[in-house]
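Q: Quick one, what's the 3D model for this:
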Amino acid sequence: MPGLRSPPGLRSPPALLVLLVLAFAAPGAGQELQPGSRSAAAAARVALQYRNFQAGSLGGLRALGQVRKATLKNIPESGHKYYLQFSTEDYRTGEDAGNCLATVLYPKKKSPPVVSIKCSHTKDQKEIQEEDNRLYQSIRHQSKPITGNNIPDSYGNIEPALEPVWALAVAGSSSIMWEKSTETLGYFLAQVKSVRQWVREDDFTEFDYTVLLHEIPTQEIISCHMRLKWLPGHPLKVKHFCAAESHGADDGSGAESGSAAGPSAERGANF
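A: Purely as a prediction, here's the structure:
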């Protein structure tokens, strides 16, 4: 992949790649998994969801390309740990975005997966920052607060004016999907059911979302309320509350950047 190629004339792999391979090499014996296995792909998606949320960048959002290598090891008293190498794609264009090395530990106790991830880049940081600022300015320069429903629509289309809102939903919901994921359950963002922008007196943008998450392999649709605050160059902050009707219980969780909040959460600058 372009992000990991050696400069012409060099036969040895890039030093960064060598360090990453050493850092993420599975210690001791582990079970080699087929790269195309469902469990390997699910763990790689969890790692990317964690990364997309932590990066807090709309221009740097990534989707999973292909898992190249996967190893599973049972960690006594902790849980199952996956060691992964995979390619990624730009979430918007589908172009190559670089390779990643990651570990994902699914704890035995009920808590979010523990993720470590390092990635190469095909975009330079300046290009990503410029994309973030472009999307931010498109939000700020709207003549009135943004509202929307059913994004994308039933034909899979997203209005150009709502593309930044969708990108924010992808980044924000990544925190929910990462937190809720287990070794047997994973999530995709299916649709933004509704979105409403709050007017703020500072430079941050703030939105209320209702998002629909597709749960795999149950095929259930989970509705979550999400309050999101974003400014380029700052951590993405998300509060959420999910109502899993099919499971017979409400589920609220999160950490800052991702803590429990229902529709009655305080508004505006009190976020």
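Q: Which parts of the stretch 1-150 of the chain are strands?
A: 31-33, 62-75, 79-90, 96-107, 114-119, 147-151 (DSSP state E, counting those that start in this stretch).
Q: Please tabulate these in CSV, including the columns mean neighbour count and distance to K229.
A: Every C-beta, even on glycine, is put in place using the N, C-alpha and C of the backbone. Compiled in CSV, the strands of the stretch 1-150 of the chain are given as follows (neighbours: other CB atoms under 10 Å; distance: least, CB to CB, whole Å):
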stretch, mean neighbour count, distance to K229
strand 31-33, 14, 38
strand 62-75, 17, 22
strand 79-90, 22, 24
strand 96-107, 22, 25
strand 114-119, 17, 23
strand 147-151, 15, 17
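Q: of all those, which lies closest to F241?
A: F241 sits nearest to strand 147-151 of all the strands of the stretch 1-150 of the chain, at 19.3 Å, using CB to CB.
Q: Quick one: mean pLDDT for stretch 233-245?
A: Here stretch 233-245 scores 87 as its mean pLDDT.
Q: Ok, which of the strands of the stretch 1-150 of the chain comes nearest I221?
A: strand 147-151 (13.5 Å).
Q: circling back: any chance of the strands of the stretch 1-150 of the chain in JSON lines, plus distance to W166 and mean pLDDT?
A: Listed next are the strands of the stretch 1-150 of the chain as JSON lines, based on distance: least, CB to CB, whole Å; pLDDT from 0 to 100:
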{"stretch": "strand 31-33", "distance to W166": "33", "mean pLDDT": "90"}
{"stretch": "strand 62-75", "distance to W166": "13", "mean pLDDT": "94"}
{"stretch": "strand 79-90", "distance to W166": "14", "mean pLDDT": "95"}
{"stretch": "strand 96-107", "distance to W166": "18", "mean pLDDT": "95"}
{"stretch": "strand 114-119", "distance to W166": "22", "mean pLDDT": "96"}
{"stretch": "strand 147-151", "distance to W166": "5", "mean pLDDT": "94"}
